[in-house]
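**Student:** this is a predicted model, with the sequence first.
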Amino acid sequence: MKVVADDKIPFLKGVLEPFGEVVYLPGGKIAPQHVRDADALVTRTRTRCNAGLLDGSRVRLIASATIGFDHIDAGYCKRRGITWTNAAGCNAGSVAQWIAAALVSLARRFAFALAGKTLGIVGVGHVGRRVDQLAQRLGMQVLRNDPPRMRAEGSAGFVSLDEVLQSADLISLHVPLTFEGPDRTFHLIDSPALGKLRPGACLLNSSRGEVVDSSGLKEALVSGKLRSAVLDVWENEPEIDTSLLALVTLGTPHIAGYSVDGKAGGTAMSVQALSRFFGLGLDGWYPCALPLPNPFVLNIDCQRKSVEEVLMEAIRATYDIEQDDRRLRASVSDFEEQRGNYPVRREFLAYQVQAIQASDAARRALRDLGFQVLGSTEAR
């Protein structure tokens with residue numbers, strides 16, 4: 001067996017070598033000559049898996065260690081008999097953490113409370129569900145828009161995109177990138193859509209850059225129709241629009257799903273897919289000994305703090321999104337390098353919290369977010 005793999009997929013090296021030849025290459029530079037005699041590809045989004053790459057190859061399986069799959073020409077693969085998989089849901093917790101950090105930063109910057117605000121979630125799949133849970137734990141009201149789910153499950157619990165645009169204080173996008181059909185998402189948020197926003201709204205996009213029309217977004221930000229935008233994904237990555245970056249409140253280099261936990265999950269799902277397809281006996285494989293966060297224990301003094309203040313402090317302690325924003329602004333040309341060499345970030349579940357003088361409500365809320373709450377002196 002021969003496998004060609006993106007060299008930035010973590011925890012992979014050494015896993016498949018006992019079963020055959022493994023060639024590691026930069027994802028964006030994998031070319032037809034590399035895959036001609038390969039049986040499988042393990043990819044990320046930078047490898048365009050289409051006729052241009054795969055014609056004349058013997059590839060039978062593509063395993064993408066990402067939730068997105070718009071880099072895979074599914075129609076071509078079907079015609080060629082090539083099986084493909086993606087890692088659906090692998091980084092849902094990581095993206096939810098990114099959203100949490102963004103919400104905390106926005107609340108601090110614009111001096112508003114999260115509790116009572118309305119968050120519109122566009123796309124309520126693996127990631128959207130986690131963001132829904134997060135928002136509710138932060139005391140926010142939630143509006144859910146997901147046409148495929150609404151058709152399958154009924155209208156209860158869902159609203160139209162127009163209602164989200166007109167009623168939400170903050171809107172978070174969690175849809176795949178599709179170019180045709182009734183649920184087309186390419187430029188889903190364009191100038192007409194942005195024109196429907198309520199005054200002071202904020203837009204967060206961690207799905208795909210092309211879901212938002214960059215020109216319309218810039219117009220909305222310059223005119224003040226949109227109060228702020230937080231972007232992790234951009235049109236024309238990695239050659240992003242620096243004039244748009246200058247206008248957004250926070251900008252990060254497509255790393256919302258890049259927690260160690262999310263990366264480990266994506267790699268595990270890819271290895272397991274290869275194992276099932278080729279009979280490798282690794283169906284339950286998962287990376288061992290993930291790096292611990294530093295610090296591992298968070299000491300939070302909860303005296304005279306609301307539950308929201310306690311949660312915001314804990315969230316910020318696990319991930320300061322503003323550091324990623326500063327790095328990107330300081331060196332936009334290093335977009336891909338910042339993705340490929342992203343610092344260790346662990347999700348809430350990796351942290352223990354020593355909650356000093358915490359109320360029962362605060363301790364419960366921390367546990368609900370996924371933190372391990374240690375014993376402490378309870379507030380009276």
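**Tutor:** That came in fine, so what should we check first?
**Student:** could you pull out the buried residues of the strand or helix carrying Leu366?
**Tutor:** Applying DSSP states H and E as the criterion places Leu366 in helix 360-369. Neighbour-count burial for helix 360-369, counted by 16 or more other Cβ atoms under 10 Å, picks out Ala362, Arg363, Ala365, Leu366, Leu369. Glycine gets a C-beta too; all of them are placed from N, C-alpha and C.
**Student:** and it, what does it pack onto?
**Tutor:** helix 126-137, helix 307-318, strand 352-356, strand 372-373 (3 or more Cβ pairs under 8 Å, 6 or more residues apart in numbering; DSSP states H and E).
**Student:** picking up where we left off before, for the buried residues of helix 360-369, which one is nearest Val131?
**Tutor:** Leu369 (12.4 Å; Cβ to Cβ).
**Student:** now that closest one. Nearest residue, chain neighbours left out?
**Tutor:** Phe348 (5.2 Å; Cβ to Cβ, 6 or more residues apart in numbering).
**Student:** what's the pLDDT at the one you found?
**Tutor:** With respect to pLDDT, Phe348 scores 97.
**Student:** likewise Thr249?
**Tutor:** On pLDDT, Thr249 comes in at 98.
**Student:** how close does it get to Ser228?
**Tutor:** The gap separating Thr249 from Ser228 is 4 Å, by Cβ to Cβ, to the nearest Å.
**Student:** likewise Val175?
**Tutor:** Distance from Val175 to Ser228, counting by Cβ to Cβ: 21 Å.
**Student:** strands of the chain, start to end?
**Tutor:** For the chain, applying DSSP state E gives strands covering 2-6, 21-25, 40-43, 61-64, 83-85, 118-122, 141-145, 170-173, 202-205, 228-231, 250-251, 297-301, 352-356, 372-373.
**Student:** switch those over to CSV; also include distance to His187.
**Tutor:** Below are the strands of the chain laid out as CSV (distance: least, Cβ to Cβ, whole Å):
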stretch, distance to His187
strand 2-6, 28
strand 21-25, 32
strand 40-43, 25
strand 61-64, 24
strand 83-85, 26
strand 118-122, 13
strand 141-145, 16
strand 170-173, 12
strand 202-205, 12
strand 228-231, 15
strand 250-251, 19
strand 297-301, 41
strand 352-356, 42
strand 372-373, 42
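**Student:** Throw those strands into CSV and include mean neighbour count and distance to Asp190, thanks.
**Tutor:** As requested, the strands of the chain are exported to CSV (neighbours: other Cβ atoms under 10 Å; distance: least, Cβ to Cβ, whole Å):
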stretch, mean neighbour count, distance to Asp190
strand 2-6, 23, 32
strand 21-25, 15, 36
strand 40-43, 27, 30
strand 61-64, 25, 28
strand 83-85, 18, 30
strand 118-122, 24, 13
strand 141-145, 20, 16
strand 170-173, 27, 13
strand 202-205, 25, 12
strand 228-231, 24, 14
strand 250-251, 24, 20
strand 297-301, 16, 42
strand 352-356, 19, 42
strand 372-373, 18, 43
